[in-house]
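*Asks:* give me coordinates for this.
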Amino acid sequence: MYESRFGITGPPFQLSPDPSFYFDSRGHHRALAELRRGLGEDAGFIVVSGEIGAGKTTLVRTLLEEIDPGVLSVAHVVSTQLNAQELLGATLIGFGLPVDDSTTEHLVSHLLRFLVKLDKEARRAVLIVDEAQNLHRDAFDQLVAIATRRGPRRLPFQVCLVGQPELRELIEAPDLAGLRSLVSVSCHLGPIDLEETGAYIEHRLRKVGWSGSPSFEPGAFEEIHRWTNGIPRRINLLCNRLMLSRFLASETTIDVPTVATTARDLRAEIGEPGDEPPPLALAGAGAPPRSAARAPKLQTPLVAPMEPGPLLCVVAGRADHVKAAALMRALAGRPDLPAAKLVRVHNDDALELSSALFSGLDVGKGLISLGIAPGPSDTRSPELMNVFEFVVDHVLPRAVIVFDGSEAALACATVAQAKDVPIVHIGAGLRADEGAQSATRQATDRLADLLYTTDAQASETLAREGIEPERVHCVGNLLMDGMQIAMRSLMSATLSRVGMHPAEPIIADRSGYALVVLTQPVNIGERQSLIDLLAMLRDVSRDVPLVWPMTPRIEGQLRKFRLDISDERITCLPPQSYPDYVALLRGATCLLTDSWNAQEESTALGVPCLTLGAFPERAITVSIGSNVAVGRNRTLVTRAVWDCMFNGGKRGRVPELWDGKTGARIAGYLGAWLSVAPTDRRAQA
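*Replies:* Coordinates of the predicted model:
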């Protein structure tokens, strides 16, 4: 937001760990040297501990960038109270090995075969376990057993345990003496000292081209250190807010009063408990207790002890934003419910494209952006969990709300469970197939305290899987609420807003047009799959022109695979705002898609839908709605398009409770549940 104002190229104080911003403080320099020494050994355990936000993950990632994959194979696992069997499965996945529901013995055997293979290749395996203080005791025992397994040769296996200070206390326990004997390197990351705080801030600013604006007045760095205790993540949080405050005030200097005022406002906003830190002159030896040093006006706690924290609505893709907008509108009408804050996983265009749905909600006031770059879950989930953990620790939410069992939903729900924060899952009980997506959805369902389903089929799925019925409520489809908001914003001018686009001649053509929406990695992630789909689309375009709002991911894949879709019968558009997209869908002869959300939207509008590719169709849209599955069959898709053109195609009916009132039902159930639910999950045990 403020980057252009200060002439910098990007955000300097993002919370997500980024090795490119690594600051070589004295403490971090010593720790990195110890880690390098540890990895120079053939085996053994390395232990890295530090406070939340001290830079442990950044340190480890900085080290990983130095590693030669031809020498070391690395698996990075974020511990979420894993037992021995779960840790083995996560480790195999981290090394890129297939995993099934086998016994612990089978998983161990699978890992050992992999280690023997590495040994023959003169390579070593390094397992990094983040948040290792959450591991079950039997998981520690399993790691020791593997590391000390007898054989003709010592296994090329090292373990790096990264965690909070309690990790060191755990390792000192009498029953972990075997692990202690294997520790070759142990280091602890503390805060940045007072003298290095200014250098740290300027280092991050220079990384994005800072030329001195805003400037820091004498004493500002010392005041920042006073409020953050030198913890890097706290420094980033405060400095980001300082940059934003100077931008909004059209100022270019940061002085001591500005730091103090901003820090107090930030503490009040996130509900951080405790007293104001003492002045620096009193912070040394012989300083009076903090309660005696605080300013009189802060004798009352910033947040009343019983005041509820906010509801955190975690959103990733466009559909999440649409559903969150509808939900937040419903929650805003309920004064008995806590305030809702939007937590955006990615810095993409999803919020901008759905901005009309958030109109009037003042969502920017409490917006939290995590800044996680899109990418494979095995590389992004650990980063997401680390950043979201910081948010939870500082915001102290009443509950975390996630959507549709996505990878981001599972990652954030896992953090909430570890922090004993209640979890609400909207869109529970959905299953695609036996693959990873269904496993992710199922895992999210198991973590949730309260599960809202879109239809009876989803509720029955949860019942078959043993989910207690009192946790499940069938409320309907929140996406329908968002669609109704979008259609109201169009004010009956369905297509007038897209007339400026190159698709106008096709839209105005009496023969109609087909809308294309493709999203699934299984269909667009590989070159041959994408080639096959493009061939199907060209076949269809001979009968009906196509309009294709092109996502950045699709454009990137076409460039990557050097594929050309230039065709006068296929009009590619930039990403559309959600109301404009709904207008395009409502006016289409049919929809060609692999997206479950798009299948639901077409069913709600009665637009014939043809599902393409290898990803399974949304079952209820086939059995009840307007969907016909054509897969990869080019003949079948041609026949289905003809049916749409000459007979109107399959229209189906709208499933029960898909009526635009789902948000109100959720708010009602949520209000009743929160009135009796404990403030954390530990009280439920």
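*Asks:* which residues are in contact with stretch 652-667?
*Replies:* 326-327, 329-331, 333-334, 337, 426, 452, 454-456, 473-478, 480-481, 483-484, 600, 603-604, 606, 620-621, 624-627 (Cβ atoms under 8 Å, 6 or more residues apart in numbering). For every residue, glycine as well, the C-beta is placed using N, CA and C.
*Asks:* and for the residue nearest in space to the middle of the chain, nearest residue in space, chain neighbours not counted?
*Replies:* For the chain, A408 is the residue whose C-alpha lies nearest the centre (Cα atoms, centre = their mean; 3.6 Å). The shortest distance from A408 to any non-neighbouring residue, by Cβ to Cβ, 6 or more residues apart in numbering, is to A316 (4.0 Å).
*Asks:* before we move on, what about L87?
*Replies:* Going by Cβ to Cβ, 6+ apart, L87 has A139 as its nearest residue, at 4.4 Å.
*Asks:* tally of neighbours for that neighbour?
*Replies:* A139 is flanked by 22 other residues according to other Cβ atoms under 10 Å.
*Asks:* wasn't it part of a helix?
*Replies:* Yes. Counting by DSSP: H, G, I helix; E, B strand; the rest coil, A139 is part of a helix.
*Asks:* surely it touches V77?
*Replies:* No. Taking contacts as Cβ atoms under 8 Å, A139 lies outside contact range of V77: 10.3 Å.
*Asks:* residues bridging contact with the two, i.e. touching both?
*Replies:* Common neighbours of A139 and V77 (Cβ under 8 Å, 6+ apart) are L87.
*Asks:* picking that back up, so of the contacts of stretch 652-667, which ones are in helices?
*Replies:* 326-327, 329-331, 456, 478, 480-481, 483-484, 600, 603-604, 620-621 (DSSP state H).
*Asks:* let me see the backbone angles for V343.
*Replies:* Main-chain torsions, V343, degrees, to the nearest 10: phi -110, psi 110.
*Asks:* show me the contact partners of stretch 60-78.
*Replies:* Outside stretch 60-78, the residues touching it (Cβ under 8 Å, 6+ apart) are 17-19, 22, 32, 35-36, 39, 48, 87, 90-91, 93-95, 118, 123-131, 160, 162, 378, 381-382, 385-386.
*Asks:* right, I mislabeled it, should have said stretch 627-638
*Replies:* 532-533, 535-536, 539-540, 543, 592, 599, 602-603, 608-614, 617-618, 621-622, 640, 649-650, 652.
*Asks:* now do the end-to-end distance for it.
*Replies:* The straight-line separation of the ends of stretch 627-638 (Cα to Cα, to the nearest Å) is 15 Å.
*Asks:* residue contacts, S602?
*Replies:* L585, L591, T593, P608, C609, T621, G625, S626, N627.
*Asks:* which one of these has the most neighbours?
*Replies:* C609 leads those on contacts (other Cβ under 10 Å) with 36 neighbours.
*Asks:* pLDDT score for the residue nearest to that residue when sequence neighbours are not counted?
*Replies:* Spatial nearest neighbour of C609, chain neighbours left out: S602 (3.9 Å); criterion: Cβ to Cβ, 6+ apart. The model reports S602 with a pLDDT of 97.
*Asks:* what about S602, distance to I624?
*Replies:* 12 Å (Cβ to Cβ, to the nearest Å).
*Asks:* among the contacts of stretch 627-638, which lie within helices?
*Replies:* Judged by DSSP H, helices contain the following of those: D532, L533, A535, M536, D539, V540, Q599, S602, T603, T621, V622, A640.
*Asks:* what's the weakest-modelled helix or strand in the protein?
*Replies:* The least trusted helix or strand in the chain, going by mean pLDDT, DSSP states H and E, turns out to be helix 290-293, with a mean of 30.
*Asks:* give me the distance from stretch 185-196 to the chain's centre.
*Replies:* Relative to the chain's own centre, stretch 185-196 is displaced by 29 Å; criterion: Cα atoms, centre = their mean, to the nearest Å.
*Asks:* about what we covered before: looking at the ones in helices among the contacts of stretch 652-667, which one is closest to R553?
*Replies:* E600 (20.5 Å; Cβ to Cβ).
*Asks:* ok, that closest one - how many residues close by?
*Replies:* E600, neighbours per other Cβ under 10 Å, totals 25.
*Asks:* enumerate every residue touching it.
*Replies:* If you count contacts by Cβ under 8 Å, 6+ apart, then E600 has T454, N477, L479, M480, R618, T621, G625, W658 around it.
*Asks:* what do you get if the cut-off is 10 Å, keeping everything else the same?
*Replies:* Contact analysis of E600 by Cβ atoms under 10 Å, 6 or more residues apart in numbering lists 319, 454, 477, 479-480, 483, 609, 618, 620-621, 625, 627, 654-655, 658.
*Asks:* most neighbours among those, which one?
*Replies:* C609 (36 neighbours).
*Asks:* roughly how far apart are that residue and D404?
*Replies:* 19 Å.
*Asks:* rewinding a little: so which two of the contacts of E600 are the farthest from each other?
*Replies:* Spanning the widest gap among those are A319 and V654, at 17.8 Å by Cβ to Cβ.
*Asks:* phi first, then psi, for L546.
*Replies:* Given degrees, to the nearest 10, the pair of backbone angles that L546 has is phi -110, psi 140.
*Asks:* for it, which non-adjacent residue is spatially closest?
*Replies:* In space, L546 is closest to I570, 4.6 Å off (Cβ to Cβ, 6+ apart).
*Asks:* you'd agree the one you found is up against L515?
*Replies:* No. The criterion here is Cβ atoms under 10 Å, and I570 misses it with L515 at 11.6 Å.
*Asks:* now for the two: what residues contact both?
*Replies:* Common neighbours of I570 and L515 (Cβ under 10 Å, 6+ apart) are L546, V547, W548.
*Asks:* just how off-centre is stretch 643-651 within its chain?
*Replies:* Counting by Cα atoms, centre = their mean, stretch 643-651 comes out at 40 Å from the chain centroid.
*Asks:* low-scoring pLDDT stretches of the stretch 451-600 of the chain, where are they?
*Replies:* For the stretch 451-600 of the chain, applying pLDDT under 70 flags the ranges 491-510.
*Asks:* likewise for the chain?
*Replies:* 1, 79-80, 100-101, 151-153, 269-274, 280-308, 375-379, 433-436, 491-510, 677-685.
*Asks:* domains of it?
*Replies:* 24-189, 193-298, 311-477+662-684, 494-647 (automatic domain parsing).
*Asks:* rewinding a little: among the contacts of stretch 627-638, name the buried ones.
*Replies:* 532-533, 536, 540, 543, 592, 599, 602-603, 608-613, 617-618, 621-622, 640, 649-650, 652 (16 or more other Cβ atoms under 10 Å).
*Asks:* tell me who's in contact with V622.
*Replies:* Counting by Cβ under 10 Å, 6+ apart, V622 has contacts Q599, T603, C609, T611, P616, V628, A629, K650, G652.
*Asks:* tally up the residues packed near the residue lying closest to D18 once chain neighbours are set aside, please.
*Replies:* Nearest residue to D18, sequence neighbours excluded (Cβ to Cβ, 6+ apart): T58, at 6.8 Å. T58 has 22 neighbouring residues, counting by other Cβ under 10 Å.
*Asks:* which SSE is T58 in?
*Replies:* helix 56-64 (DSSP states H and E).
*Asks:* test my guess that the residue nearest to D18 contacts V162.
*Replies:* No. Counting by Cβ under 10 Å, T58 stays clear of V162, with 11.1 Å between them.
*Asks:* need the overlap of contacts for these two.
*Replies:* Listed as contacting both T58 and V162 by Cβ under 10 Å, 6+ apart are L189.
*Asks:* verify the contact between L478 and A324 for me.
*Replies:* Yes. Judged on Cβ under 10 Å, L478 makes contact with A324 at a distance of 8.6 Å.
*Asks:* joint contacts of these two?
*Replies:* By Cβ under 10 Å, 6+ apart, the residues touching both L478 and A324 are F403, I426.
*Asks:* which stretches of the stretch 1-150 of the chain form strands?
*Replies:* Assigned by DSSP state E, counting those that start in this stretch, the strands in the stretch 1-150 of the chain fall at 44-50, 72-78, 124-130.
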